[in-house]
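Peer 1: output the structure for:
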Amino acid sequence: MSDKFSNFLTMILIFFVVAICGIIGYFAYDLYNSNNINSNAQSAIDKFESATQTVKRPNKENKVNNTNTENVIENKVENLVIQNPLEELTSLTQNQVELNPTEETTENLGEPEKIFMEDYEVMGTIEIPKTGVEYPILERVTVRSIEIAVAIAYPQQAELNKVGNVVIYGHNYRNGLFFSNNKKLSNGDKIYITDKYGEKVTYEIYNIYQTTQNDATYFTRDTEGRREISLQTCTDDGDGRIVIWAVEK
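Peer 2: The predicted model follows:
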């Protein structure tokens with residue numbers, strides 16, 4: 001009887017030792033994996049920031065005014081020395097008119113260098129100071145893209161910081177990664193989105209709610225001409241979705 005009891009205790013002890021080793025191994029792997037994800041994310045952010053430092057978004061303010069350019073050409077033509085007008089005009093055309101410093105507005109325009117994280121283009125970055133979030137925003141949601149960062153769920157490959165609603169999805173791993181702590185956010189908290197032109201826009205949360213996993217009605221909501229974002233993640237039990245709306249501040 002005592003031998004049976006001793007064997008039973010030995011089995012129980014072995015079970016607990018194996019269980020404890022398994023738990024320690026799980027947490028060690030989770031810590032390693034989290035650190036690896038954060039390290040790769042930071043590397044992608046550094047490359048993205050470097051690529052956007054010298055790029056400006058083309059707009060009305062930084063395009064050359066054709067009328068002004070024509071006026072400059074007319075003035076230079078009127079002041080040409082008549083010794084060799086053909087040579088002067090040819091030189092003027094080839095050099096495309098030397099504008100004043102205040103009129104040189106096309107520097108660094110155009111598409112920025114594309115930065116990739118694995119096979120996914122980095123469209124921007126997201127920062128949420130309250131929860132310590134800082135991740136690249138990848139071009140589209142796939143099984144893999146949301147294992148390494150957060151991604152645009154709608155519209156896919158959308159340009160960030162544009163008028164309308166952009167939906168960004170991130171996992172809730174309940175370990176601090178990605179959008180795990182979105183449930184701790186409140187109305188009035190700030191979210192910062194930097195796009196591929198280096199523009200950093202502040203968004204303020206104004207609506208937080210839970211919905212079903214299949215609800216996408218808010219994707220195409222009318223933002224009334226404002227720039228807005230929506231953050232989406234799973235509830236802790238995985239059955240629902242936590243949705244956050246934020247508008248440009």
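
Peer 1: now do the longest helix anywhere in the chain, average pLDDT.
Peer 2: Longest helix of the chain, by residue count under DSSP state H: helix 2-52. The average pLDDT for helix 2-52 rounds to 80.

Peer 1: who does it touch, helix- and strand-wise?
Peer 2: Here helix 2-52 touches strand 116-117, strand 120-128, strand 133-138, helix 145-148, strand 190-195, going by 3 or more C-beta pairs under 8 Å, 6 or more residues apart in numbering; DSSP states H and E. Yep, even glycine has a C-beta here, placed from its N, CA and C like the rest.

Peer 1: as TSV, those with distance to Val163, mean pLDDT and mean neighbour count would be great.
Peer 2: Compiled in TSV, the helices and strands packed on helix 2-52 are given as follows (distance: least, C-beta to C-beta, whole Å; pLDDT from 0 to 100; neighbours: other C-beta atoms under 10 Å):
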stretch	distance to Val163	mean pLDDT	mean neighbour count
strand 116-117	27	97	18
strand 120-128	16	97	22
strand 133-138	18	98	24
helix 145-148	25	97	18
strand 190-195	13	98	19
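
Peer 1: break this structure into its domains for me.
Peer 2: Domain assignment for the chain by automatic domain parsing gives 64-103, 112-248.

Peer 1: just those domains: most buried one?
Peer 2: domain 112-248 (a mean of 17; mean count of other C-beta atoms under 10 Å).

Peer 1: can you give the distance of that one from its chain's centre?
Peer 2: 8 Å (C-alpha atoms, centre = their mean, to the nearest Å).

Peer 1: over to stretch 10-26?
Peer 2: Using C-alpha atoms, centre = their mean, the offset of stretch 10-26 from its chain centre is 42 Å.

Peer 1: and the closest residue to Ser34 other than its chain neighbours, what pLDDT?
Peer 2: In space, and not counting its chain neighbours, Ser34 is closest to Leu177: 5.8 Å by C-beta to C-beta, 6 or more residues apart in numbering. Leu177 is assigned a pLDDT of 96 by the prediction.

Peer 1: can you read off the backbone torsions of Leu177?
Peer 2: Per-residue torsions, Leu177: phi -70, psi 150 (degrees, to the nearest 10).

Peer 1: now Ile244
Peer 2: Torsion angles, degrees, to the nearest 10, at Ile244: phi -130, psi 130.

Peer 1: the nearest residue to it once chain neighbours are set aside: which element?
Peer 2: Excluding its sequence neighbours, the residue lying closest to Ile244 (C-beta to C-beta, 6+ apart) is Leu231, at 4.2 Å. Using DSSP states H and E, the element containing Leu231 is strand 227-234.

Peer 1: identify the neighbouring strands of the lengthiest strand in the chain in the sheet and state each direction.
Peer 2: Using DSSP state E, we find that the single longest strand of the chain is strand 200-212. Here strand 200-212 is paired, per DSSP bridges, with strand 190-195 (antiparallel), strand 240-248 (antiparallel).
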